[in-house]
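Chemist: Here is a sequence with its predicted model. Questions after.
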Amino acid sequence: MTPVKTLARRAGWLYFLANCVAPFAYLYVPGRILVPGNALATMEHVRAQEGLLRLAMGAEIWNATVGAFAVFLLYRLFERVDRPLSILFAGLFLLGVPVSYVNVLNHAAVLLLANDPASAPLGMLFLKLHNYGLAVAQVLWGLWLIPLGLVVRRSGFVPGWHAISLCRRHAPYGLMMLCTSAILGWTLMSALVAFAPAR
């Protein structure tokens, strides 16, 4: 096996291992815990399924960390093809890693507040902040695939339809998440201003 194929397989396996936990952390666990519009019931679910939320936190950290190693291997694979585009896709992905790490702290805050029924609205706020943080990370997760698709197309050792698929499917996703993040940011800032104490 050639060094390029070895590197490509390692990157592919790492990327798969990073993302195999994502549906659990980002879809399954929120569906089991969140009760829309009912902070007390949500906090009861958190108390009853604390281990599930802790597993989701671990899965988020796993996803970001192993994904960063996969992107490093992808960078090494494609840097000889187009170094500036390789730096761009790696940089966009790696910007999302600290966002993901910090975002896990919102779930940690929910766990700390779960045992106090009076803190249920604050716990719900942290769950919403986690969703906003996820939206910010998703902007980067969508946008990094555009330069990756371009460098895949230029490489010649990966079929061109992979590149078209990466760009066509994920460019609108990244742009949509960018707009969503802007709207959520505006909403959050408006809420903070509305609830700020009068001077």
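Modeler: Received, thanks.

Chemist: contacts, neighbours, all on C-alpha from now
Modeler: Noted.

Chemist: now stretch 68-80: mean pLDDT?
Modeler: Averaging pLDDT along stretch 68-80 gives 92.

Chemist: Now do the buried residues in that stretch.
Modeler: For stretch 68-80, burial by neighbour count (16 or more other CA atoms under 10 Å) applies to 68, 69, 70, 71, 72, 73, 74, 75, 76, 77, 78, 79.

Chemist: Would you mind pulling up the elements that the helix or strand harbouring residue 51 packs against?
Modeler: Taking DSSP states H and E as the criterion, residue 51 maps to helix 50-78. In this structure, helix 50-78 packs against helix 3-19, helix 22-23, helix 29-33, helix 83-113, helix 145-155, with contacts taken as 3 or more CA pairs under 8 Å, 6 or more residues apart in numbering; DSSP states H and E.

Chemist: What mean pLDDT does the second one get?
Modeler: Yep, that's helix 22-23 we're talking about. For helix 22-23, mean pLDDT is 88.

Chemist: per-residue pLDDT, residue 5?
Modeler: At residue 5, pLDDT is 80.

Chemist: just for this structure, where's the confidence low?
Modeler: Applying pLDDT under 70 to the chain picks out residues 1, 158-199.

Chemist: change it to 80
Modeler: In the predicted model of the chain, residues 1-2, 142, 155-199 satisfy pLDDT under 80.

Chemist: Can you pull up the most central residue in it?
Modeler: residue 137 (4.5 Å; CA atoms, centre = their mean).

Chemist: Once you drop chain neighbours, what's closest to that residue?
Modeler: residue 96 (5.0 Å; CA to CA, 6 or more residues apart in numbering).

Chemist: what about residue 50, distance to residue 29?
Modeler: 11 Å (CA to CA, to the nearest Å).
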